[in-house]
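Participant: here is a sequence together with a model predicted from it:
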Number of protein chains: 2
Amino acid sequence: MTLPARAQEPGTTHTIHPGEGGGAGAVRRTVLPGGLRVITESMPTVRSAAFGVWAGVGSRDESPADAGASHYLEHVLFKGTRRRSALEISAAIDAVGGDLNAFTAKEYTCYYARVLDADLPLAVDVVSDMVSSSLNREEDVEAERGVILEEIHMRDDDPGDLIHDEFSTALYGDAPLGRPILGTVESINALTRDRIHGYYERHYTPSDLVVAVAGNIEHERVVRLVSEAFEGRLDGDGAPSAPRIGGEPVAASPEVRVVDKDTEQAHVVLGGVGVSRTDERRFALGVLNAALGGGMSSRLFQEIRERRGLAYSVYSYTSQYADTGVFGVYAGCQPGKVDEVLSICRDEIARVAEDGVEGEELERGKGQLRGAMVLGLEDSGSRMSRIGKSELVYESLLPVDEVLGRIDAVTPDDVRDVARAVLAAPQALTVIGPFGDRDFSL
Amino acid sequence: MTLPARAQEPGTTHTIHPGEGGGAGAVRRTVLPGGLRVITESMPTVRSAAFGVWAGVGSRDESPADAGASHYLEHVLFKGTRRRSALEISAAIDAVGGDLNAFTAKEYTCYYARVLDADLPLAVDVVSDMVSSSLNREEDVEAERGVILEEIHMRDDDPGDLIHDEFSTALYGDAPLGRPILGTVESINALTRDRIHGYYERHYTPSDLVVAVAGNIEHERVVRLVSEAFEGRLDGDGAPSAPRIGGEPVAASPEVRVVDKDTEQAHVVLGGVGVSRTDERRFALGVLNAALGGGMSSRLFQEIRERRGLAYSVYSYTSQYADTGVFGVYAGCQPGKVDEVLSICRDEIARVAEDGVEGEELERGKGQLRGAMVLGLEDSGSRMSRIGKSELVYESLLPVDEVLGRIDAVTPDDVRDVARAVLAAPQALTVIGPFGDRDFSL
């Protein structure tokens, strides 16, 4: 069963999922004044707690003048608050052996700490302080500019990383989804303290934030700790922002993009538009992805690596966004073998678009998705991510059992239909390697 | 307390650690005929099981003619047995959504699958079959040669990865510890099926192997499953091989190594000989490492990234081997800033070698080690690794509480002493970047 969509007054608490015996898996949600959401999942058998604050903003929300601001701001939030210096922020979590970090995606940003359960109050206090009371001082923005530029250069030095940013551009051009999360050297150099701070003030209001906590925790206590940590920021009658769902799909403009670079390997991504996060076909696409390039038994791995020894790394993948998605294939091979590898990829894609996947491959794909999902939810960090992200991007949290049921329900026809739709769409191609001005075509 | 060193007859079972209530943490060990060791740790509150087979052989055991053979063999073991093709091996684990993988280190090699607890019999059967009955056919060795060469090229394309192999060579020269685990293009091209197969026959005997299992499992059942899976291979009166401990420390020959490469960043590692795996000073060195470059609050992170914005990635690290170890510092920065970054690294190293670390840094370093250890043992995979590796490289398994006690017992004098010993030793330096024939000196 899908639980009812959320509709909840500030100051009230709601049980989203009752959980099993002993409180395991109970998911509860409280909306605090100002619209700050607190969602928790109880895992009584672990000794850890993962505390995250999620902001519903990412690189696709940036204007060209703000390009890279979401990620830049994510860095600046570690630099200090009224109560803590940068050193005091990191020292507090280091002292208890916790893991303090953050990441920026195209549609959201997350700050988190994973600690022993007894240290949860500290984690709540430090991470909430960072997110709610950042000073974003001029000198901190300046010092961090160099760090971000080095992060860009490091990405540029790793072609297996760079290719995914280049592929986004090949598929979406200059649309926000096509731009790199890190921004560019030019856009980072142009961002001022005032723009960064303005971005913070606009996007980090209580109604845009979600607090997610999983582990050996107790919901009411978490709510109390979060209320104290956000003290003074939780007034007004703000209601939680609506989840980021749907919208007119951004137009893709697939093209061929060749980056000439003096590398040992050719790095290749071939792919196109997939399905959105709420598209009913996402489970069928997951099964298709598993069968085509999701594991060692997949067609691409078997043909390109196992039989022909052409690549060490070869895989397919999917990404989902509110309105659209991506389906792509990656391979790294000798520059002289790139035509052979691309030809195999195209053949396997054409074959699966024509015939779908066979009975055994279908069952294996389902088993792969089911097992990976259950095994992936054994630690507090991944549970925290699931509930926090869901609150930002779905109408309601799908219980694990329902996800497993939807995977089980995928039919051969579902897979063939989504294969035809996705793989028949115009593809983009990105190649990085020592190719001079050689042309590639689709 | 340290539990007594192991001394155990084949066919008997021994409780290494009684565990807590409910069986959590119970570690048991059985030696099967032929000397095959089975060691398990019970985690009744998880739903998963991690099954690993460890071979006590790695790249430092290779003669020059075998360079890269341990890792090459690790790949070939996925290619097929009398009972299963390569596809059947991977399909079996993919079908249940498990994670099947392997890794080769300088002193050991591990093959593992992490699955849902109900799928443990399958994991035992598949992984044991791979390791005990590999065919190592000529055509499989040939097909995999291309894959390994691509893995080498991929490493070459990622300077943040390449630098660690280059640094090993800068520190240990042509000694086995100084050679890359992957081998070289030349050594891989020279390896024949017969050499690979001979390596397998020599090093994968039951007495050289350790089976390690952690998760929601029951020891006697695991022993039964493993006995069945290794059937026909477990005869003779072989006794378990002795753990890899001590020996005359391999001589270091630290030098400066510059790799001219057209990269955006300069990648730098500066370091020298650390302490061995059984050296009593390893806990003090862990605290020193945490304080110098182990986290965001460390001296190097604060000075190089936080205050000056010179690097995105900067850290120190330690590695331990049977007879020796490594202590190193990594940074990636603009090529024009490499002298400034190296100068800061040298200053901080000199300062800590002179004065040790202060009270608050000491406590923070201890907290960091303690917390990371406990948080790191929450999943079945890391528990399996701890007990499997320990069986190969320690006299006895140190209980977690004892490790925590040893960390707590580190004094400021311990840290200063190990800092003086380690940091005063001759250092090696490796730099990758667009430096032409520019010289660097220590």
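Facilitator: Structure received.
Participant: tell me the contacts of whichever residue of the stretch 251-400 of chain A sits closest to chain B?
Facilitator: Ranking the residues of the stretch 251-400 of chain A by distance to chain B (Cβ to the nearest Cβ) places residue A:371 first, at 1.4 Å. The way it works is simple: take the backbone N, C-alpha and C, and place the C-beta from them, glycine included. Neighbouring residues of residue A:371 by Cβ atoms under 8 Å, 6 or more residues apart in numbering or on different chains: B:96-98, B:115-116, B:119.
Participant: quick check: chain neighbours aside, which residue is closest to it?
Facilitator: With Cβ to Cβ, 6 or more residues apart in numbering or on different chains as the criterion, residue A:371 has its nearest non-adjacent residue at 1.4 Å, and that residue is residue B:97.
Participant: thought residue A:373 was touching that neighbour, still the case?
Facilitator: Yes - proximity of residue B:97 to residue A:373 meets the contact threshold set by Cβ atoms under 8 Å, at 7.4 Å.
Participant: so those two - more neighbours on which side?
Facilitator: Between residue B:97 and residue A:373, counted using other Cβ atoms under 10 Å in any protein chain shown, residue B:97 has the larger neighbour count: 26 against 17.
Participant: could you count how many residues lie near residue A:360?
Facilitator: With neighbours defined by other Cβ under 10 Å, the count for residue A:360 comes to 12.
Participant: residue A:269: which element?
Facilitator: The secondary structure element spanning residue A:269 is strand A:266-273 (assigned by DSSP states H and E).
Participant: parallel or antiparallel, list what pairs with that strand.
Facilitator: With DSSP bridges as the test, strand A:266-273 is paired with strand A:325-333 (antiparallel), strand A:427-433 (antiparallel).
Participant: in that strand, which residues are buried?
Facilitator: By neighbour count, and taking 16 or more other Cβ atoms under 10 Å in any protein chain shown as the criterion, the buried residues in strand A:266-273 are A:266-273.
Participant: want to throw these into a markdown table with pLDDT and distance to residue B:73?
Facilitator: Rendered in a markdown table, the data for these read as follows (pLDDT from 0 to 100; distance: Cβ to Cβ, whole Å):
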| residue | pLDDT | distance to residue B:73 |
| --- | --- | --- |
| A:266 | 98 | 28 |
| A:267 | 98 | 27 |
| A:268 | 97 | 29 |
| A:269 | 98 | 32 |
| A:270 | 97 | 33 |
| A:271 | 97 | 35 |
| A:272 | 97 | 39 |
| A:273 | 97 | 43 |
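Participant: where do the strands of the stretch 251-400 of chain A begin and end?
Facilitator: Counting by DSSP state E, counting those that start in this stretch, the stretch 251-400 of chain A has these strands, from start to end: A:256-260, A:266-273, A:311-320, A:325-333.
Participant: could I get these as CSV with distance to residue B:292?
Facilitator: Putting the strands of the stretch 251-400 of chain A into CSV (distance: least, Cβ to Cβ, whole Å) gives the following:
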stretch, distance to residue B:292
strand A:256-260, 38
strand A:266-273, 35
strand A:311-320, 34
strand A:325-333, 35
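Participant: which of these sits closest to residue A:407?
Facilitator: With Cβ to Cβ as the criterion, residue A:407 lies closest to strand A:311-320 of the strands of the stretch 251-400 of chain A, at 13.9 Å.
Participant: just the angle between the closest one and strand A:266-273, please?
Facilitator: With axes from the mean of the first three to the mean of the last three Cα atoms, to 10 degrees defining the directions, strand A:311-320 sits at 20 degrees from strand A:266-273.
Participant: could the strands paired with strand A:266-273 go into a markdown table alongside mean neighbour count?
Facilitator: As requested, these are exported to a markdown table (neighbours: other Cβ atoms under 10 Å in any protein chain shown):
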| stretch | mean neighbour count |
| --- | --- |
| strand A:325-333 | 25 |
| strand A:427-433 | 25 |
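Participant: out of those, which comes closest to residue B:427?
Facilitator: Of all the strands paired with strand A:266-273, strand A:325-333 comes closest under Cβ to Cβ, at 34.1 Å.
Participant: CA atoms of that closest one as PDB?
Facilitator: The C-alpha atoms that make up strand A:325-333 are tabulated as PDB, following Å, rounded to 0.1, in the frame of the first residue of the first chain:
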ATOM      1  CA  GLY A 325      16.000  11.400 -16.300                       C
ATOM      2  CA  VAL A 326      19.100  10.000 -18.000                       C
ATOM      3  CA  PHE A 327      20.000   6.500 -19.200                       C
ATOM      4  CA  GLY A 328      23.700   6.100 -20.200                       C
ATOM      5  CA  VAL A 329      26.500   3.600 -20.900                       C
ATOM      6  CA  TYR A 330      30.100   4.200 -19.900                       C
ATOM      7  CA  ALA A 331      33.300   2.400 -21.000                       C
ATOM      8  CA  GLY A 332      37.000   3.000 -20.800                       C
ATOM      9  CA  CYS A 333      39.100   1.300 -23.400                       C
END
